[in-house]
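Visitor: just coords:
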């Protein structure tokens, strides 16, 4: 698209995510990008709650890749959690945990938090040494900007048979809260939503687009 020409000529976008949903949603912005997988420690301090958890993890992902980041690159990382009754639901490890998560969501309103971190390396000038006022050393500084989005999602009451069917047929082990709103469970259980649908899928594309629009000339 012609409005992106200036931006694309000056910056390479890297999406640091192995999620097929994030890659699909990023592609929907009609921006060329490279998708990579980042191996990062996703543990977090025990005192963090709600949106502070994905905020911390998305930045940890960016920092893990930082040594490889070049000045002409913009790295985008993200993390999503489900928050219900004061507890965080991440990705289930097995079918039993997935079923337990869905039972916890049944008949309630929960929150889906996604944090998106934008990472760049900007040039900095070291202070010149005494006697060499015309000389300086060019370094780069990692700059992180993180946005957090929240969507409130209401589920109808789910039967054990419905939960078992979804988990056995869709195996949602790569999804926070053990569900994908775009799948069968979303069709039959999601009775209300306040906020971005795409945020529930794991990538608030409207925030990504707005950040690019606000920070880059295109």
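Guide: Arrived safely. In this text the structure is predicted, and so the values were computed from the model without any measurement.
Visitor: next structured bit after the lengthiest helix in the chain?
Guide: Longest helix of the chain, by residue count under DSSP state H: helix 52-65. Sequence order places strand 73-84 as the next helix or strand after helix 52-65, per DSSP states H and E.
Visitor: which outside residues touch whichever helix or strand comes after that following strand?
Guide: Proceeding N to C from strand 73-84, the next assigned helix or strand is strand 87-89, under DSSP H and E. With CB atoms under 8 Å, 6 or more residues apart in numbering as the test, strand 87-89 has contacts from 49-50, 53, 81-83, 101, 104-105, 110, 176-178. All C-beta atoms are positioned from the backbone trio N, CA, C, and that covers glycine.
Visitor: hmm, 10 Å instead?
Guide: For strand 87-89, contacts defined as CB atoms under 10 Å, 6 or more residues apart in numbering pick out 44, 48-50, 53-54, 81-83, 97-98, 100-102, 104-105, 110, 112-113, 175-179.
Visitor: also stretch 182-194?
Guide: 21, 24, 102, 105-107, 109, 111-112, 150-158, 162-163, 165-167, 169-170, 172, 175, 178-181, 197-201.
Visitor: go ahead and flag the most central residue of this structure.
Guide: residue 78 (2.1 Å; CA atoms, centre = their mean).
Visitor: excluding chain neighbours, what is closest to that one?
Guide: residue 116 (4.7 Å; CB to CB, 6 or more residues apart in numbering).
Visitor: hang on, the one you found is in a strand, isn't it?
Guide: Yes - read with DSSP: H, G, I helix; E, B strand; the rest coil, residue 116 is one of the residues of a strand.
Visitor: may I have the beta-bridge partners of it?
Guide: Counting by DSSP bridges, residue 116 forms beta bridges with residue 78, residue 147.
Visitor: what about the closest residue to residue 83 other than its chain neighbours, distance to residue 185?
Guide: Excluding its sequence neighbours, the residue lying closest to residue 83 (CB to CB, 6+ apart) is residue 111, at 4.5 Å. Going from residue 111 to residue 185 by CB to CB, to the nearest Å gives 17 Å.
Visitor: compare the two and say which is more crowded by neighbours.
Guide: Remark: of residue 111 and residue 185, residue 185 carries more neighbours, 25 against 17, as counted by other CB atoms under 10 Å.
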